[in-house]
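Q: output the structure for:
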Amino acid sequence: MKDRYGNVLSTTSEAARDAYVLGLDRFLGAEPGVEQALSVAIEEDEDFALAHLTLARFHQVIGNRNVAQTSLAKAQICSRKLSDRENYQIEIFSLLIDGKSDDGYRAARVQLREYPRDVLTAQACLGVLSLIGFSGQPGREAENLALAEILEPHYGDDWWLQGLLGFAQVEVGQFDRAEKSIEKSLRTNPRNAHGAHFQSHLYYETGQTEAGYAFITDWQRGYDKSGLMHCHIAWHIALWALAQGDVDEMWRVVDRDIDPRWSSGPPINMMVDLAAVLYRANMAGIDVPSERWQVVSDYASEKFPNPGIGFADVHAALAYAMAGKSDALKRIIVGAKGPAADLVQYLAEAFGAIASQNWLKANDLLTKALWDHARIGGSRAQRDLIEYASVGVLMRLGRTEEARRQLAMHRPKALIKNAVIGI
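A: Here you go, the predicted model:
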């Protein structure tokens, strides 16, 4: 019994194996039906450790930590003898689900040297919201690309690896290479949501607003709302609607697909994307009712009550500042943790200064954060919020030419009308 990547699986049931392979592929492609397929695998073979483990990983990603721990425990007590690869994989995800990311990443890199086609372990490492993405370390974009390139010879034209490779290339500005990689991913599996998402980033980075808007709007029509990426793909659509001046459509997308009261998705996407689109609308001169900021600040308090994930903390701080929640904002400023804690503090204080219209203080703090904001995690497109916030503050200070130079330096291919900052 083997998976699609040639890894031996400790199950005696072909039906369990087939359901597991389907569930894993759906997870890798952010396609609907992950839990259903893995549940079938477990029904066919309750002692199938990796089916339980992959289900644990899925629930970790969507923010169901208690369910993830329960599934992990079931994987750990399975009685069947496992291969070394399977045992190591369980150890790695035990560390990750327990919140020991640094130890988990070190163990994952050892695993990938020995078993480079251990795709679930590779998935945990690659991408902007991954172990590398959230490492808080300088140069993490280069590290992400380096690992994808190390793995490529072992995966060939596999649609999952080509998609992640293409995204890594987008993030460092290798757009021609990225176009070829992402095309391979979508050609083999056109309904994989990550591939469509990466294509959206390529359009965004190369300033192709109309083409990107048309592509992802059409692609999303066949994508069920239960898919992992539905909320975030909607964020791309909302931003492009805003860039096109279609504010009514932007609000329709926000209400239908991003606002947590009416939609669903991984909590980090729901909170970050809602805060980001509201702030971009605000910078574009659109009235954002205080009730909307209240919704995202309440959601941030519920899902991320304690600082610890820099990318989430920065956006929570934005929500608290704009909603006037000074105590919650102070909790992040004082309690920021991890290797990117300095940037979290600068940005949280900057958003507080923006909310109180203290433009000089905001500019000073944003300047400190601009030099290496990649350390907080997320994509270049998501971190444009920081770049544009800085440009907007410079405009408030009357430093128009400096604002233009900064925009030209960081977004040379983007038309000013698409920058959504009112320049």
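Q: and the protein, what are its domains?
A: Domain assignment for the chain by automatic domain parsing gives 14-107+118-123, 126-206, 226-418.
Q: export the ones you listed to JSON lines and tack on mean pLDDT and mean neighbour count?
A: In short, each C-beta sits where N, CA and C put it, glycine included. Formatted as JSON lines, those follow (pLDDT from 0 to 100; neighbours: other C-beta atoms under 10 Å):
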{"stretch": "domain 14-107+118-123", "mean pLDDT": "97", "mean neighbour count": "20"}
{"stretch": "domain 126-206", "mean pLDDT": "97", "mean neighbour count": "20"}
{"stretch": "domain 226-418", "mean pLDDT": "94", "mean neighbour count": "20"}
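Q: in TSV: those domains, plus distance to V8.
A: Output for those, formatted as TSV (distance: least, C-beta to C-beta, whole Å):
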stretch	distance to V8
domain 14-107+118-123	5
domain 126-206	16
domain 226-418	28
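Q: quick one: stretch 290-305 to chain centroid distance?
A: With C-alpha atoms, centre = their mean, to the nearest Å as the basis, stretch 290-305 stands 19 Å off its chain's centre.
Q: ok, and what's touching it?
A: 63, 259-261, 267-268, 270-271, 274-275, 278, 312-313, 315-316, 319-320, 322-325, 328 (C-beta atoms under 8 Å, 6 or more residues apart in numbering).
Q: these two touch, right, S101 and L131?
A: Yes. Look at S101 against L131 with C-beta atoms under 8 Å: they come within range, at 6.0 Å.
Q: between the domains of the chain, which gets nearest to R4?
A: Smallest distance to R4 across these (C-beta to C-beta): 5.4 Å, for domain 14-107+118-123.
Q: the stretch 251-400 of the chain: helices as residue ranges?
A: 267-283, 290-303, 310-323, 326-335, 341-355, 359-370, 380-396, 400-410 (DSSP state H, counting those that start in this stretch).
Q: separation between R399 and W359?
A: Distance of R399 to W359, computed by C-beta to C-beta, to the nearest Å: 10 Å.
Q: how about V67?
A: V67 is 45 Å from W359, by C-beta to C-beta.
Q: ok, now Y279?
A: Distance of Y279 to W359, given as C-beta to C-beta: 16 Å.
Q: show the end-to-end separation of stretch 275-295, please.
A: 10 Å (C-alpha to C-alpha, to the nearest Å).
Q: my read: R375 touches G133, true?
A: No. At 10.2 Å, R375 does not count as touching G133 under the criterion of C-beta under 8 Å.
Q: shared neighbours, those two?
A: With C-beta under 8 Å, 6+ apart, R375 and G133 have common neighbours R140.
Q: F311 and S130 touch, don't they?
A: No. Contact criterion C-beta under 8 Å: F311 and S130 do not qualify, at 11.3 Å.
Q: please, which helix or strand holds the most centrally placed residue in the chain?
A: Centroid check for the chain by C-alpha atoms, centre = their mean gives L129 as the closest residue, at 4.3 Å. When elements are assigned from DSSP states H and E, L129 belongs to no helix and no strand.
Q: gap between it and S379?
A: Note on L129: its distance to S379, by C-beta to C-beta, is 9 Å.
Q: equivalent analysis for I286, please.
A: Relative to S379, and taking C-beta to C-beta, I286 is found at 23 Å.
Q: repeat that for D313.
A: Separation of D313 from S379 (C-beta to C-beta): 17 Å.
Q: same check, this time on W359
A: 27 Å.
Q: cool, L186 as well?
A: Per C-beta to C-beta, L186 is found 18 Å from S379.
Q: and if you look at D84?
A: On the measure of C-beta to C-beta, D84 and S379 end up 35 Å apart.
Q: distance to A37 for the helices of the stretch 251-400 of the chain - can I get that in TSV?
A: Shown next, in TSV, are the helices of the stretch 251-400 of the chain (distance: least, C-beta to C-beta, whole Å):
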stretch	distance to A37
helix 267-283	22
helix 290-303	26
helix 310-323	29
helix 326-335	38
helix 341-355	38
helix 359-370	42
helix 380-396	30
helix 400-410	42
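Q: mind checking which of those is nearest H154?
A: Smallest distance to H154 across the helices of the stretch 251-400 of the chain (C-beta to C-beta): 27.1 Å, for helix 380-396.
Q: for that closest one, packing partners?
A: Applying 3 or more C-beta pairs under 8 Å, 6 or more residues apart in numbering; DSSP states H and E, one finds that helix 380-396 contacts helix 193-205, helix 267-283, helix 341-355, helix 359-370, helix 400-410.
Q: kindly recompute the last result at 10 Å.
A: In terms of contacts (3 or more C-beta pairs under 10 Å, 6 or more residues apart in numbering; DSSP states H and E), helix 380-396 is packed against helix 159-171, helix 193-205, helix 230-243, helix 267-283, helix 310-323, helix 341-355, helix 359-370, helix 400-410.
Q: reformat those helices as a markdown table; add distance to Y115.
A: Converted to a markdown table, those look like this (distance: least, C-beta to C-beta, whole Å):
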| stretch | distance to Y115 |
| --- | --- |
| helix 159-171 | 14 |
| helix 193-205 | 22 |
| helix 230-243 | 30 |
| helix 267-283 | 28 |
| helix 310-323 | 29 |
| helix 341-355 | 34 |
| helix 359-370 | 38 |
| helix 400-410 | 39 |
